[in-house]
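Novice: What follows is a predicted protein model with its sequence.
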Amino acid sequence: MKKDMTIIYPEYSGLYINLTNRCPCNCTFCIRQGDQNEFDNVTTLWLEREPSAREVIDAIKAESREERFKNYREFVFCGYGEPTEALDILLEIAAWLKENFDLPVRINTNGLGDLINKKKIAPLLKGKIDTVSISLNSSDPQIYEKTVRPVYKEKAFPALLEFAKEAALYVPKVILSTVDTTITHQDEEECKKICDSLGVTYRIRKYTEPKKNK
Ligand code: SF4
């Protein structure tokens, strides 16, 4: 598999930040499983090695001198892995972003950062992160486990919900999402109830067809 050092890349209207390829899950739908590059703007998001905070900051500084920088509407920790696997450098970079730019900062996460880091991470996000977007996948713990296949097994789903609830205390916007057409409407209604009970937003993301091999 081809590897590179693509640590920042433009996607939608954001500047995305790729810190790590590590992830404790093996989702049935994960785009990392195919050989096909799913991204229009980069060759690969597989990293030769994990970047340091300094390398990411220098890359963003260089990008900020480009004309296209004015088109970015947010920074997004996303990447080809779970961003909270690299929590320390994520927090260092997020703090620097807040000091230097007037753009919101989002994390796209599987919500298992507490289990990964063996501590409650929501309080650490305060003042650094504006939006936490978590893949819920289903309201049913068994469907969730079969779909996400986390190394933490049955501990994962309740940990995700606990993290979401806590994050809502420290982060302005917390979103739990599912993908349309992948679960039943009844499941979606149950997801909405869970989100209401946790005090977070429920979002159904649009399904996008995986790219076909040429
Ligand atoms: S959590 Fe994300 S990176 Fe990890 S296996 Fe699932 S889709 Fe892939």
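Specialist: Yep, that arrived. Numbering: from 1, shown residues only.
Novice: Pass me the low-pLDDT residue ranges in the chain, would you?
Specialist: Applying pLDDT under 70 to the chain picks out residues 35-38, 209-214.
Novice: And the strands in it?
Specialist: Along the chain, counting by DSSP state E, strands occupy 8-11, 14-17, 74-77, 105-109, 131-135, 173-179, 201-205.
Novice: Adjacent strands (with direction) for the first one?
Specialist: Strand 8-11 has these partner strands in its sheet, going by DSSP bridges: strand 14-17 (antiparallel).
Novice: How far off centre is the partner strand?
Specialist: Between the centre of strand 14-17 and the centre of its chain there are 11 Å (Cα atoms, centre = their mean, to the nearest Å).
Novice: Quick check: buried residues in it?
Specialist: Neighbour counts over strand 14-17 (16 or more other Cβ atoms under 10 Å) mark 14, 15, 16, 17 as buried. All C-beta spots, glycine's among them, are computed from the backbone N, C-alpha and C.
Novice: of all those, which comes closest to residue 96?
Specialist: residue 17 (11.4 Å; Cβ to Cβ).
Novice: Distance of the closest residue to that closest one other than its chain neighbours relative to residue 188?
Specialist: Nearest-residue entry for residue 17: residue 77, 5.0 Å, with adjacent residues in sequence omitted and distances by Cβ to Cβ, 6 or more residues apart in numbering. In this view, residue 77 and residue 188 are 27 Å apart by Cβ to Cβ, to the nearest Å.
Novice: what do you get for residue 81?
Specialist: Distance from residue 81 to residue 188, counting by Cβ to Cβ: 27 Å.
Novice: What residues does this structure have near the ligand?
Specialist: 23, 25, 26, 27, 30, 32, 81, 82, 110 (Cβ under 6 Å from any ligand atom).
Novice: Buried by neighbour count, from the residues you listed: which ones?
Specialist: Looking at the residues of the chain next to the ligand with 16+ other Cβ under 10 Å, the buried ones turn out to be 23, 25, 27, 81, 82, 110.
Novice: Can you flag which of the residues you listed belong to helices?
Specialist: Using DSSP state H, the subset of those located in helices is empty.
Novice: ok so, going back, can you list the strands of the chain in JSON lines and add distance to residue 42?
Specialist: Compiled in JSON lines, the strands of the chain are given as follows (distance: least, Cβ to Cβ, whole Å):
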{"stretch": "strand 8-11", "distance to residue 42": "5"}
{"stretch": "strand 14-17", "distance to residue 42": "9"}
{"stretch": "strand 74-77", "distance to residue 42": "14"}
{"stretch": "strand 105-109", "distance to residue 42": "16"}
{"stretch": "strand 131-135", "distance to residue 42": "20"}
{"stretch": "strand 173-179", "distance to residue 42": "22"}
{"stretch": "strand 201-205", "distance to residue 42": "21"}
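Novice: got the residue ranges for the helices in this structure?
Specialist: Going by DSSP H, the chain shows helices at 53-64, 87-100, 113-117, 141-148, 156-170, 185-198.
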